[in-house]
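K.L.:
Make a model of this:
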Amino acid sequence: MKTIPVNTNPAYAVTIGPGLLRDCGARLKEVLPPCRIAVVTDSTVGPLYLEAVTESLKAAGFPVSAFTFPAGEGSKNFETLSDILEFLATEHLTRSDCLVALGGGVVGDMAGFAAAVYLRGIRYVQMPTTLLSAVDSSVGGKTAIDLRAGKNLAGAFLQPAAVLCDTDCLRTLPPAVFADGAAEAIKTGVLCDESLFALFEDGTLKADPGSVVARCVACKAGVVERDEKEQGERKLLNLGHTVGHAIEKCSGYAIPHGHAVAAGLAVIARAAERLNWTAEPIAERICACLAKNALPVSAEYSPEALAEAALADKKRAGDSITIVVPKKVGLCELKTMPVTELLSVIRAGWEA
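P.N.:
Modelled structure (predicted):
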């Protein structure tokens, strides 16, 4: 069992280990006052874990209700948000009560955003069940939904009261879902931890997923503590995401987030090397690592289509956009450029 503190305001802890869903009631009793809990989950995760979580919470003395929505990025919208808020109101949850997000990144975003806006803000807890949500989206307090114009364009910052990551969930993920999370962990290695990146190069990830999650969370926690509202350093966590979000949008969100980020990471790595922005050759190493972990290294959409989609992203500010450039494995930097230059950057990294 590993516990990583996140020293934001308010502070909370990320607990990582086996059996946490079965023990969630006792653990939350240590950090929450007596309250009602509404569990938000989706149609994939609910049948697997909702009963165990509900029983554990009830055994600890929490009255529990649950809301389930259809799984997938297609549910990450205002309609689902409205349904969750109406459910909370119908269940008469008050400001002293709590939401639990049981699921992957979409569930975490939806429940977190609902918690941020219901009664102008109530507590929520993250219980990630995928590798992607465990290493990335469950930590840091970003919540959001998608708009027709692009991904995550409406949202709020709200730090969770606690994060419980049950590593037993990670051992049973389908290969494609596991690979989706590996993309964010590989991104973290490129960003700040070359030894973490090396675990994906030699294929030892599945032997100890809890250790990988802990290292990713520790890296992200440090960044979030220094820049909670993404005014500077936290933008580095968007490595691969400018093109990645564009790929998701172009696919109508048929391509999952991690796979899109992997392709976006490959594009920016090739572009950075070809434009002489890197401190050493990195593109081949990064692409080989992605491919070894069953992740794509290219996008089927044209540079023009990707640039158009990317310029609707929230990382744009007026006539400029900030991208994350890998200098070498373990070190990246922010580069702000006119929006007119983004197409040439994507073209430089588009083809393998």
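K.L.:
Distance-wise, check Glu284 relative to Leu265.
P.N.:
13 Å (C-beta to C-beta, to the nearest Å). Every residue, glycine included, has its C-beta placed from N, CA and C.
K.L.:
Of these two, give the one with the bigger neighbour count.
P.N.:
Comparing Glu284 with Leu265 by other C-beta atoms under 10 Å, the one with more neighbours is Leu265, at 30 against 12.
K.L.:
Grab the nearest non-local neighbour of that one.
P.N.:
Gly240 (3.4 Å; C-beta to C-beta, 6 or more residues apart in numbering).
K.L.:
residues contacting the one you found?
P.N.:
Residues near Gly240 by C-beta atoms under 8 Å, 6 or more residues apart in numbering: Ala183, Lys187, Val261, Ala262, Gly264, Leu265, Ile268, Val324.
K.L.:
If any of the residues you listed are buried, give me the PyMOL selection for them.
P.N.:
The PyMOL selection below is limited to those of the contacts of Gly240 classed as buried (16 or more other C-beta atoms under 10 Å):
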select buried, resi 183+187+261+262+264+265+268+324
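K.L.:
Mind putting the contacts of Gly240 into CSV with pLDDT?
P.N.:
Listed next are the contacts of Gly240 as CSV, based on pLDDT from 0 to 100:
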residue, pLDDT
Ala183, 96
Lys187, 96
Val261, 97
Ala262, 98
Gly264, 97
Leu265, 98
Ile268, 98
Val324, 97
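K.L.:
In terms of pLDDT, where does the residue nearest to Leu265 sit?
P.N.:
Model confidence at Gly240, given as pLDDT, is 96.
K.L.:
In this structure, mark out all the helices, start to finish.
P.N.:
Applying DSSP state H to the chain gives helices spanning 24-29, 51-59, 78-90, 105-117, 131-132, 167-170, 175-192, 194-201, 209-226, 241-250, 257-274, 283-292, 303-310, 342-350.
K.L.:
mind giving me TSV with these and columns for distance to Ile37?
P.N.:
Shown next, in TSV, are those (distance: least, C-beta to C-beta, whole Å):
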stretch	distance to Ile37
helix 24-29	8
helix 51-59	6
helix 78-90	11
helix 105-117	11
helix 131-132	24
helix 167-170	19
helix 175-192	26
helix 194-201	34
helix 209-226	23
helix 241-250	32
helix 257-274	27
helix 283-292	39
helix 303-310	38
helix 342-350	44
